[in-house]
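*Asks:* Build me a model from this:
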Amino acid sequence: MASSRRTFLKQAASLSAACVVGFNEEALAGAEMPPVAPTSWYDRPMRWAQLSFVEDDPGNYDQQFWLDYFQRIHADATLLNAGGCVAFYPTQIPLHYRSKWLGNMDAFGDLAHGCRKLGMNVVARTDPHACHKDVYDAHPDWLAVDENGKKRQHASDPDFWLTCALGPYNFEFMTSVHQEIMSKYMVDGIFTNRWAGSGMCYCEHCRENFHAFSGLDLPRTADPQDPAQRQYIVWHQARLFELWRLWNGKIQEINPNASYIANAGGGALSLLDMKTVGELAPTLMADRQGRAGVVAPWAAGKSAKEFRSTLGRKPIAGIFSVGLEDKYRWKDSVQSGDEIRLWVADGIAQDFRPTFTKFNAKPYDKRWFPVVEEIYQWHHANEGYFRNEKSLARVGLVYSQQTAAFYGAANAAATVEDPSLGFYQALVEARIPFEMVHDHLLDREHTEQFRTLILPNIAALSTQQCDQIRAFVERGGGIVATYETSLYDEWGVRQKDFGLASLFGASFAGSKEGPMQNSYLSLEKDPTTGQYHPVLAGFEDANRIINGIHRVHVNPVDENLSPPLQVVATYPDLPMEECFPRSPKHDAGVFLRHAGPGRVVYFPCDIDRTFWEVLNTDHGKLLRNAVVWANNEPLPVSVEGQGILDLSIWEQKNSMTVHLVNLTNPMMMKGPVREAIPISKQQVRIRVPVGRRIGKARLLVAGSEVHYRTDGEAILIEVPSIRVHEVIALDFTA
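*Replies:* So this is what the prediction gives:
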């Protein structure tokens with residue numbers, strides 16, 4: 001099951017931009033990618049219900065209550081706990097631990113049968129991440145091992161031991177479990193939770209297989225420039241995708257209309273390449289259950305955009321928890337109603353299909369039931385307007401798993417994700433609809449819909465990726481880039497110059513600076529016109545604004561450059577008597593260029609990451625102005641009015657919709673919200689797609705038709721008020 005060293009070296013030599021983190025999936029696996037299951041059922045379900053049994057549920061819960069509830073909320077698919085660490089059906093597989101409460105019952109089978117009678121699709125859930133002591137005794141080599149050679153006991157439940165995801169437990173034992181479930185119940189799919197392991201494993205199988213793959217011992221460092229760690233990143237993913245294909249193939253041997261559905265993460269920090277995930281998966285369950293700590297409510301929509309960036313129009317079920325998603329794991333308590341409403345609304349606005357999850361079929365706190373019922377019944381009543389065919393957003397925010405893996409590594413959250421979060425927040429505040437773009441999908445096919453691409457410190461880019469970005473600009477596109485974008489190759493190795501230096505109009509001067517205290521950006525007028533550049537719109541009464549916290553030193557290609565922002569170098573902030581600038585202004589704080597028909601903005605500082613940390617309004621405004629200038633065309637939708645809104649704009653077969661999610665709340669950045677705070681009227685201007693005519697306009701949450709007037713290629717609508725969510729639905733005429 002492991003690749004030979006000779007095969008690996010041959011494959012590694014051919015690795016390119018598309019191979020890093022995601023790599024060329026077929027090449028590394030050394031096999032044809034098996035076809036996914038027919039798509040006959042995947043696009044049908046619009047509302048999912050996940051009920052995960054706990055061990056004492058069999059015989060102690062009210063099955064009919066749940067079936068009645070599923071029917072009342074128009075749930076048309078379900079995800080039910082079947083087996084893995086605990087079996088809820090009469091398994092015949094040795095060492096497959098059966099619930100002590102199961103007896104002669106079939107908790108999974110009975111509920112699955114009831115759901116099917118309601119016309120619901122049924123997917124079985126398994127969890128292979130832990131096992132009981134009998135497995136330890138019979139197959140100690142199946143367990144996860146730490147770097148000191150010690151078997152790893154479960155941190156939450158000492159009766160369980162952690163299993164190795166990359167060895168026989170998953171490849172042999174769980175394969176037989178999945179075959180048994182599929183043979184007995186012919187479910188529509190099998191979804192696994194926590195299937196990818198619990199961190200680095202040093203068991204005998206991992207040591208042997210990795211050595212056969214690379215000729216090296218398992219790494220003892222997280223540094224991606226260490227040869228063993230670099231190859232481990234590639235091997236780890238290859239092994240997991242091998243497992244995915246194995247399970248999918250065994251499932252489809254039994255039921256060709258079913259498939260394996262992985263819990264597969266998403267976003268720059270995901271360990272599995274999202275491009276490959278998008279190729280393998282006919283559908284996915286996005287496990288983004290809620291927020292905890294300092295997380296914005298738009299994080300639900302961000303997750304939806306990240307998944308859609310590689311899955312395209314494949315349906316994605318957005319799992320949300322009705323409980324608290326806190327590190328202290330209060331799994332039997334419930335979240336506030338308006339927090340649930342806001343989180344789900346933002347996911348729906350970005351094309352998630354709502355999927356509630358509840359652990360424990362014996363609910364102690366039932367306050368969530370009417371909230372989910374309200375959401376699902378409204379969703380069902382307006383279902384046709386949620387079968388989106390195309391996003392009409394013209395701005396794409398690029399995210400990069402290879403930058404996270406090979407440049408950010410242990411610091412990826414701060415150096416890679418935070419810049420993206422900062423730009424995301426700025427775009428939300430600016431009310432600019434946008435999509436997420438995976439950096440392995442920068443080809444013309446996947447970027448054709450966009451006018452502008454944003455590169456928030458996308459530091460690690462290959463020559464091919466840089467060529468794709470240049471081609472995008474040559475076709476008339478705009479880019480906005482920050483800090484170290486393209487200064488490293490796809491493996492995270494620093495280059496002599498930016499890969500995009502010709503676009504930036506700037507070359508790397510060989511050094512970086514930061515963290516900088518008390519540094520500023522001076523606003524300068526164009527010496528030829530005496531006017532401020534449009535990127536400084538709204539700053540006319542400001543002489544300077546705060547700088548970022550880190551910057552790269554650069555040399556301008558044009559020695560006669562007169563940048564509209566110039567760096568005021570850091571100077572003492574104490575004692576106060578010494579708080580004055582020492583150095584003259586000279587370094588450019590931004591590079592603005594016309595590149596053929598396209599436009600380029602490059603900030604040599606980490607302004608996006610700084611905005612996320614400090615949330616200074618000047619930075620948000622500057623980022624907005626940069627995008628608007630680079631975009632150089634009217635937005636597909638613009639909204640005027642008070643408050644913070646997350647926008648999306650969609651086209652369906654016979655209609656188009658604009659989602660307005662009201663994020664205006666004192667608990668926006670640190671939930672949960674106590675109550676939704678309605679905002680007053682919003683003036684909405686919507687550009688109608690070419691060749692389309694509007695016949696009727698409706699507000700789906702208000703449940704009423706709304707007056708509109710035509711203004712050229714756009715229509716104008718006034719939305720009187722938004723509590724949590726409003727959807728403008730425009731029906732096309734024939």
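*Asks:* The stretch 201-350 of the chain: helices as residue ranges?
*Replies:* Counting by DSSP state H, counting those that start in this stretch, one finds helices in the stretch 201-350 of the chain at the ranges 204-214, 227-254, 274-280, 299-311, 337-349.
*Asks:* Let's have these in TSV, adding distance to Ser420 and mean pLDDT.
*Replies:* Using the backbone N, CA and C atoms, a C-beta is placed for each residue, glycine as well. Formatted as TSV, the helices of the stretch 201-350 of the chain follow (distance: least, CB to CB, whole Å; pLDDT from 0 to 100):
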stretch	distance to Ser420	mean pLDDT
helix 204-214	31	98
helix 227-254	20	97
helix 274-280	14	96
helix 299-311	9	97
helix 337-349	17	98
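*Asks:* Let me have those in a markdown table, extended by distance to Thr447 and mean neighbour count.
*Replies:* As requested, the helices of the stretch 201-350 of the chain are exported to a markdown table (distance: least, CB to CB, whole Å; neighbours: other CB atoms under 10 Å):
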| stretch | distance to Thr447 | mean neighbour count |
| --- | --- | --- |
| helix 204-214 | 34 | 18 |
| helix 227-254 | 25 | 20 |
| helix 274-280 | 14 | 23 |
| helix 299-311 | 11 | 25 |
| helix 337-349 | 23 | 25 |
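*Asks:* Can you check which of the ones you listed gets nearest to Thr192?
*Replies:* helix 227-254 (7.8 Å; CB to CB).
*Asks:* Summarise which helices and strands that closest one is packed against.
*Replies:* Judged by 3 or more CB pairs under 8 Å, 6 or more residues apart in numbering; DSSP states H and E, helix 227-254 is in contact with helix 5-13, helix 25-29, helix 175-185, strand 189-192, helix 204-214, strand 259-262, helix 274-280.
*Asks:* Just the CA trace of the last one, in CSV.
*Replies:* Provided in CSV are the C-alpha atoms of helix 274-280 (Å, rounded to 0.1, in the frame of the first residue of the first chain):
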residue,chain,number,x,y,z
MET,A,274,-9.5,21.2,-1.3
LYS,A,275,-8.9,20.9,-5.0
THR,A,276,-8.6,17.1,-4.7
VAL,A,277,-11.5,17.0,-2.3
GLY,A,278,-13.6,18.9,-4.9
GLU,A,279,-12.7,16.3,-7.5
LEU,A,280,-13.4,13.3,-5.4
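*Asks:* Residue ranges in this structure under the pLDDT threshold?
*Replies:* Per-residue confidence for the chain (pLDDT under 70) gives these ranges: 1-39.
*Asks:* same thing but 50
*Replies:* Along the chain, the parts satisfying pLDDT under 50 run over 1-38.
*Asks:* now the helices and strands packed on helix 227-254 in TSV, with distance to Val600?
*Replies:* Below are the helices and strands packed on helix 227-254 laid out as TSV (distance: least, CB to CB, whole Å):
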stretch	distance to Val600
helix 5-13	34
helix 25-29	32
helix 175-185	50
strand 189-192	43
helix 204-214	40
strand 259-262	38
helix 274-280	26
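*Asks:* And the ones you listed: which comes nearest Leu421?
*Replies:* Smallest distance to Leu421 across the helices and strands packed on helix 227-254 (CB to CB): 17.4 Å, for helix 274-280.
*Asks:* packing partners for the closest one?
*Replies:* With contacts taken as 3+ CB pairs under 8 Å, 6+ apart, helix 274-280 sits against helix 25-29, helix 227-254, helix 299-311.
*Asks:* just to revisit the earlier point, I'd like the helices of the stretch 201-350 of the chain laid out as TSV, including distance to His659.
*Replies:* Compiled in TSV, the helices of the stretch 201-350 of the chain are given as follows (distance: least, CB to CB, whole Å):
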stretch	distance to His659
helix 204-214	45
helix 227-254	33
helix 274-280	23
helix 299-311	9
helix 337-349	4
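*Asks:* Val706 is nearest to which of the ones you listed?
*Replies:* Distance to Val706, taken as CB to CB, is lowest for helix 337-349 among the helices of the stretch 201-350 of the chain, at 18.1 Å.
*Asks:* Only C-alpha atoms, please: export that closest one in PDB.
*Replies:* Extracted in PDB, the C-alpha atoms of helix 337-349 (Å, rounded to 0.1, in the frame of the first residue of the first chain):
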ATOM      1  CA  GLY A 337     -32.100  31.200  19.300                       C
ATOM      2  CA  ASP A 338     -30.900  34.400  17.500                       C
ATOM      3  CA  GLU A 339     -27.300  33.100  17.400                       C
ATOM      4  CA  ILE A 340     -28.600  30.000  15.600                       C
ATOM      5  CA  ARG A 341     -30.600  32.100  13.300                       C
ATOM      6  CA  LEU A 342     -27.700  34.400  12.400                       C
ATOM      7  CA  TRP A 343     -25.200  31.600  11.900                       C
ATOM      8  CA  VAL A 344     -27.600  29.600   9.700                       C
ATOM      9  CA  ALA A 345     -28.700  32.700   7.700                       C
ATOM     10  CA  ASP A 346     -25.100  33.500   6.700                       C
ATOM     11  CA  GLY A 347     -24.600  29.900   5.600                       C
ATOM     12  CA  ILE A 348     -27.700  29.900   3.600                       C
ATOM     13  CA  ALA A 349     -26.800  33.300   2.000                       C
END
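*Asks:* And for that helix, what's in contact with it?
*Replies:* 288, 290-291, 297-301, 303-304, 318, 320, 322, 354, 367-368, 371-372, 375, 379, 386, 646-648, 659, 661, 663, 665, 671-676, 724-725, 727 (CB atoms under 8 Å, 6 or more residues apart in numbering).
*Asks:* For these, which ChimeraX command selects only the ones that are buried?
*Replies:* Buried residues among these (16 or more other CB atoms under 10 Å), as a ChimeraX selection:
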select :288,290,291,297,298,299,300,301,303,304,318,320,322,354,368,371,372,375,379,386,646,647,648,659,661,663,665,671,672,673,676,724,725,727
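*Asks:* For the residue of the chain positioned farthest from its centre, give its distance to Ile546.
*Replies:* Centroid-distance maximum for the chain: Glu577 at 47.7 Å, with CA atoms, centre = their mean. Using CB to CB, to the nearest Å, Glu577 is found at 21 Å from Ile546.
*Asks:* can you check Pro419 too?
*Replies:* 17 Å.
*Asks:* neighbour count winner among those two?
*Replies:* Pro419 (30 against 16; other CB atoms under 10 Å).
*Asks:* The more buried one - that's part of a helix, no?
*Replies:* Yes. Counting by DSSP: H, G, I helix; E, B strand; the rest coil, Pro419 falls inside a helix.
*Asks:* didn't it look like it was pressed against Trp612?
*Replies:* Yes. Contact criterion CB atoms under 8 Å: Pro419 and Trp612 qualify, at 7.2 Å.
*Asks:* circling back: so which of the helices and strands packed on helix 274-280 is nearest Lys496?
*Replies:* helix 227-254 (21.0 Å).
*Asks:* chain center to the closest one, what's the gap?
*Replies:* The chain centre lies 21 Å from the centre of helix 227-254; the measure is CA atoms, centre = their mean, to the nearest Å.
*Asks:* How about stretch 121-129?
*Replies:* 22 Å.
*Asks:* Just put the helices and strands packed on helix 274-280 in JSON lines and tack on distance to His553.
*Replies:* Below are those laid out as JSON lines (distance: least, CB to CB, whole Å):
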{"stretch": "helix 25-29", "distance to His553": "38"}
{"stretch": "helix 227-254", "distance to His553": "28"}
{"stretch": "helix 299-311", "distance to His553": "32"}
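*Asks:* Nearest to Phe732, out of those?
*Replies:* Of all the helices and strands packed on helix 274-280, helix 299-311 sits nearest to Phe732, with 23.0 Å by CB to CB.
*Asks:* which residues does Gly318 bridge with?
*Replies:* Ala286, Pro354 (DSSP bridges).
*Asks:* for it, what are its contacts?
*Replies:* 286, 288, 300, 303-304, 344, 347-348, 352-355.
*Asks:* Which one of the helices and strands packed on helix 274-280 lies nearest to Leu455?
*Replies:* The nearest among the helices and strands packed on helix 274-280, by CB to CB, is helix 299-311 at 14.5 Å.
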